[in-house]
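Trainee: sequence first, predicted coordinates after that:
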Amino acid sequence: TECPSVWKYAKLLPIDSEPVTIQEGGTPLYKCDRLAEKIGIKELYVKHEGMNPTGSFKDRGMTVGVTKALELGMKTVACASTGNTSAALAIYGAKAGIPVIVLLPAGKVALGKIAQALMHGAKVLSVRGNFDDALALVRTLCSQEKIYLLNSINPYRLEGQKTIGFEIADQLGFKVPDRIVLPVGNAGNITAIFKGFREFKILGITDSLPKMTGIQAEGSCPIVKAIKSGAPAITPEEHPETIATAIRIGNPVNATKALSAIRQSGGTAESVTDEEILAAQKDLARLEGIGVEPASAASVAGLKKLVDLGVIGRDETVVCITTGHLLKDPQTVIDICEEPTVVDANIDAIREAIFGK
Ligand SMILES: Cc1ncc(COP(=O)(O)O)c(/C=C/C(=O)C(=O)O)c1O
């Protein structure tokens, strides 16, 4: 059988040429019974997008976006990023053989992501400002030069990411889950996944739509505030703050589409504290063996909060999307875990450390 990947769904993607691919997609959908029991719901799956080649779901958008860049005869690609978008663009640009420019918020990008962007040969600019400043600047650059902008304002990114919805439906035997819960930053992914489920329904492949449920960090949650207030648009946040640096975004470019996806699907949005995010990161790792970076764990933290609040029913079938691998942000893990025990190299010291005698 065909290896599951983004390009399994090529007929539903707006690409006519040979794709630039590193076999992205086809990520595991884990049934998480121990985590489900702890949270108190009947059926919980985790779609682990950290298992993509570059370690995040961004690969799906970039395989389509970079292929389209070549189709359009673009010679250089660029993006602003909280880290994962830039890592993926660096890798797909390298695969495509074209130069990559990335703008990162100085001091606010996890180690693994910077390592990827640098090693794969991107021109990395560390901007003295936040992600939103960097995004405004790269949009200006791409309007002045013939450089292809590949942030999720570029619709081809969302075309690739909608395959997450296709795969979940595929993996559940075309039984659509009641709800998808995922972290929201620039709000491209929640928009894209809803599009995927909507397209499968229009094609008659499935017969329902999941409730799209976006989770943000309490210190960076413009989408949540708009959903709770019923506002037609977000109020951008000047100083977004969270340990989950991947979603430290105050002015999401896809806000309008995301608000529509949440409202059309009967979903919701909720915020969680950094502490709740880190607790969920540990639960995923220690109950299910799923290693994620902090932002990804916001999905599980938000699920727990919404179940406790009675917003999510205990009999719902829920899929949480974990968006990035633990190895992207090892420093945060070292900072929150207990130190290793240093021992002398002899069996007595080992036994003492383990058995205390
Ligand atoms: C691990 C992780 N989890 C969730 C999100 C939020 O997805 P969107 O709501 O579609 O933005 C991101 C986004 C990262 C960037 O925006 C970037 O890399 O520039 C992420 O890296």
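Mentor: Cool, got the structure.

Trainee: return the distance of the closest residue to residue 268 other than its chain neighbours relative to residue 177.
Mentor: What sits nearest to residue 268 in space, not counting adjacent residues and going by Cβ to Cβ, 6 or more residues apart in numbering, is residue 213, at 5.5 Å. Where C-beta positions appear, they are placed from N, C-alpha and C, glycine not excepted. As judged by Cβ to Cβ, to the nearest Å, residue 213 and residue 177 stand 11 Å apart.

Trainee: more neighbours, the two?
Mentor: Neighbour tally, residue 213 and residue 177, criterion other Cβ atoms under 10 Å: the higher count belongs to residue 213, 27 against 22.

Trainee: what parts of the stretch 201-350 of the chain come near the ligand?
Mentor: By Cβ under 6 Å from any ligand atom, the part of the stretch 201-350 of the chain that sits against the ligand consists of 246-247, 293, 295-296, 323-324.

Trainee: rewinding a little: which SS class is the residue nearest to residue 268?
Mentor: The three-state label given to residue 213 by DSSP: H, G, I helix; E, B strand; the rest coil is strand.

Trainee: any idea of the pLDDT on it?
Mentor: Model confidence at residue 213, expressed as pLDDT, equals 99.

Trainee: report the beta-bridge partners for it.
Mentor: residue 181, residue 268 (DSSP bridges).

Trainee: so it makes contact with residue 178?
Mentor: No: in this structure, residue 213 is not within contact of residue 178 by Cβ atoms under 8 Å, at 10.1 Å.

Trainee: where does pLDDT dip in the protein?
Mentor: Scanning the chain with the threshold set as pLDDT under 70 gives 1-4.

Trainee: which residue ranges form the helices in it?
Mentor: Secondary structure of the chain by DSSP state H: the helices cover 33-39, 58-71, 84-96, 111-119, 131-144, 155-161, 163-171, 188-202, 222-229, 255-264, 274-288, 294-308, 330-336, 347-355.

Trainee: ok, the residue nearest to residue 268 - contacts?
Mentor: When contacts are counted by Cβ atoms under 8 Å, 6 or more residues apart in numbering, residue 213 touches 179-182, 262, 267-270, 302-303, 306, 312.

Trainee: how about the residues you listed, which pair is most distant?
Mentor: Of all pairs drawn from the contacts of residue 213, the greatest distance, 15.3 Å, lies between 262 and 303 (Cβ to Cβ).

Trainee: out of these two, which sits in the busier spot?
Mentor: The neighbour count for residue 262 versus residue 303, taken as other Cβ under 10 Å, is higher for residue 303 (28 against 25).

Trainee: and the nearest residue to the more buried one once chain neighbours are set aside, how many neighbours?
Mentor: Nearest residue to residue 303, sequence neighbours excluded (Cβ to Cβ, 6+ apart): residue 181, at 4.9 Å. Residue 181 has 30 neighbours, counted by other Cβ under 10 Å.

Trainee: same deal with the one 3 residues further on?
Mentor: Applying the criterion other Cβ under 10 Å, we find 34 residues in the vicinity of residue 184.
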